[in-house]
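Student: with the sequence up front, the predicted model follows.
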Amino acid sequence: MQRFENTICRAALSILLVVSALLSACAEPSLKDESALRKVTICQWGQALIYLPLYIAMQEGFFEDEGLDVTLTNGGADDLTWAAVISGSAQFGVADPTMIAVQSEQGGVPGRMVATVVGRVAFWAISLDSAAEEITKPEDFRGHTVAAFRFPNTANALALRTFQKARLELGKDVSIVPVDYGAVLAQLLRGEASLAMVLEPAASLAEAEGAKVVYSYAEDWGEFAFTGLTTTEELIQKDPALVQAVVNALQRAVRLAHTDLERAVENGIRAFPDLSPDVIETAVKRMLDEGTLPAHVTPSLEGWNRAIEVNIEVGKLRQAPDPQKMLDDSFALRAVSSE
């Protein structure tokens, strides 16, 4: 009888160990034990210092630690970045995450935002006039001509919404000059705009050359789903270990940026070697101080809803989608809790 009971106990213990192993595998999918690095392509909107966590993860070897060999490509626009993902030329996108909602409303491939890369609106308005007054409320844009990236870029949508809040009539009280990426500052230099909406490091570079930062969207709008890591629902279902690995690396990068300013700046310099280290340091400090560089990569429901609201108000979306079908925070929560 005792031998029978011992056999039963050993069998039960074996079953428990197997179940525990299976649950652990499901809870923490990992590629670290694979013999070769997995090749992965991440398509970013364009090279911009606001994506510093991405560059830190690349340059510090965090992706490699997760078993990944990552290649970066440029989409050139938010919609084109997501198009690269749904076409299969990239597995992940780093751009305006609300494009998954815009495309879904149009019958596109279902996608999810799985991590935050930029947690607040990372645009700053600059003026070439060093004596220009700071803009502290939307009404202060009256009389200005603002150079911003073309619609449907977030800069354009936010400018429109900001003017709407102040009841400023477009073309009469205020104007927008829509331009391609890289041509914003040229509008100021030619006198065709009085303000330009720029990212980092352009804001700090312009400031170093005598321009003045007069307005911060980050301070005005608070949490905002400005840039996210997006992928398809199909990839999440088919390869959750891959998704987890990418999110893990980004979380490590975000933590480094908040705990080691010197290393964060060094990574920024490596990503933009043609710029002055002082410019990079100023830009990184601004992103940290104003919260565009998030404290962690977990998607914010508040930030998502605020971004969706703007999209609806400027006509990019007809109605708000169910956030549970757009956001998947499970990978980010797991990455944060495992540190």
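Tutor: Thanks, I have the structure now.
Student: ok, the residue nearest to H296 when sequence neighbours are not counted to I42 distance?
Tutor: Nearest in space to H296, with sequence neighbours left out and distances taken as C-beta to C-beta, 6 or more residues apart in numbering, is V336 at 5.2 Å. Where you see a C-beta, it was placed from the backbone N, CA and C, and this is true even at glycine. To I42, V336 is 20 Å away according to C-beta to C-beta, to the nearest Å.
Student: tell me where the stretch 1-150 of the chain has strands.
Tutor: Remark: strands of the stretch 1-150 of the chain, listed N- to C-terminal, are 38-44, 68-74, 92-95, 111-120, 124-127, 145-149; assignment by DSSP state E, counting those that start in this stretch.
Student: can those strands go into CSV with extra columns for mean pLDDT and mean neighbour count?
Tutor: Written out in CSV, the entries for the strands of the stretch 1-150 of the chain read as follows (pLDDT from 0 to 100; neighbours: other C-beta atoms under 10 Å):
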stretch, mean pLDDT, mean neighbour count
strand 38-44, 97, 20
strand 68-74, 97, 16
strand 92-95, 97, 29
strand 111-120, 98, 28
strand 124-127, 94, 25
strand 145-149, 89, 24
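Student: the residue positioned nearest the centre of the chain: helix or strand, and which one exactly?
Tutor: Nearest to the geometric centre of the chain sits T227, at 2.4 Å (C-alpha atoms, centre = their mean). Counting by DSSP states H and E, the secondary-structure element that holds T227 is strand 223-232.
Student: quick one: mean pLDDT for that strand?
Tutor: With pLDDT averaged residue by residue, strand 223-232 scores 97.
Student: tell me the strands beside that strand, with direction?
Tutor: strand 92-95 (antiparallel), strand 111-120 (antiparallel) (DSSP bridges).
Student: indicate which one of the ones you listed is closest to A186.
Tutor: Across these, A186 has its closest neighbour in strand 92-95 (23.0 Å, C-beta to C-beta).
Student: which residues are in contact with that closest one?
Tutor: For strand 92-95, contacts defined as C-beta atoms under 8 Å, 6 or more residues apart in numbering pick out 40-45, 51, 54, 75, 77-78, 81-82, 84-85, 99, 117, 227-231, 246.
Student: residues touching the residue nearest to H296, list them.
Tutor: V336 makes contact with Q251, H296, V297, T298 under the criterion C-beta under 8 Å, 6+ apart.
Student: cool, V284 as well?
Tutor: Contacts of V284 were listed using C-beta under 8 Å, 6+ apart, and they are L49, L52, A257, L261, A264, V265, G268, L293.
Student: mind checking pLDDT for it?
Tutor: Note on V284: pLDDT of 98.
Student: I100 versus that one, what's the distance?
Tutor: Counting by C-beta to C-beta, the separation of V284 from I100 is 28 Å.
Student: quick one on the thing from earlier: farthest pair within the contacts of V336?
Tutor: Pairwise distances among the contacts of V336 were taken by C-beta to C-beta; the largest, 8.7 Å, belongs to Q251 and T298.
Student: which residues of the stretch 51-200 of the chain fall in helices?
Tutor: In the stretch 51-200 of the chain, the segments counted as helices under DSSP state H, counting those that start in this stretch are 52-59, 62-65, 78-87, 99-105, 154-165, 184-189.
Student: E309 is nearest to which of those?
Tutor: Across the helices of the stretch 51-200 of the chain, the minimum distance to E309, taken as C-beta to C-beta, is reached by helix 154-165, at 8.5 Å.
Student: quick one: buried residues of the closest one?
Tutor: Within helix 154-165, the residues that qualify as buried are T154, A155, N156, A157, L158, A159, L160, R161, T162, F163, counting by 16 or more other C-beta atoms under 10 Å.
Student: likewise stretch 44-56?
Tutor: Within stretch 44-56, the residues that count as buried by 16+ other C-beta under 10 Å are Q44, W45, A48, L49, I50, Y51, L52, P53, L54, Y55, I56.
Student: what do you get for stretch 230-247?
Tutor: Neighbour-count burial for stretch 230-247, with 16+ other C-beta under 10 Å as criterion, is recorded at 230-232, 235-236, 239, 241-247.
Student: narrow those residues to those in helices?
Tutor: If you go by DSSP state H, the buried residues of stretch 230-247 have L235, I236, A241, L242, V243, Q244, A245, V246, V247 in helices.
Student: will you turn the strands paired with strand 223-232 into a markdown table that also has distance to A186?
Tutor: Written out in a markdown table, the entries for the strands paired with strand 223-232 read as follows (distance: least, C-beta to C-beta, whole Å):
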| stretch | distance to A186 |
| --- | --- |
| strand 92-95 | 23 |
| strand 111-120 | 24 |
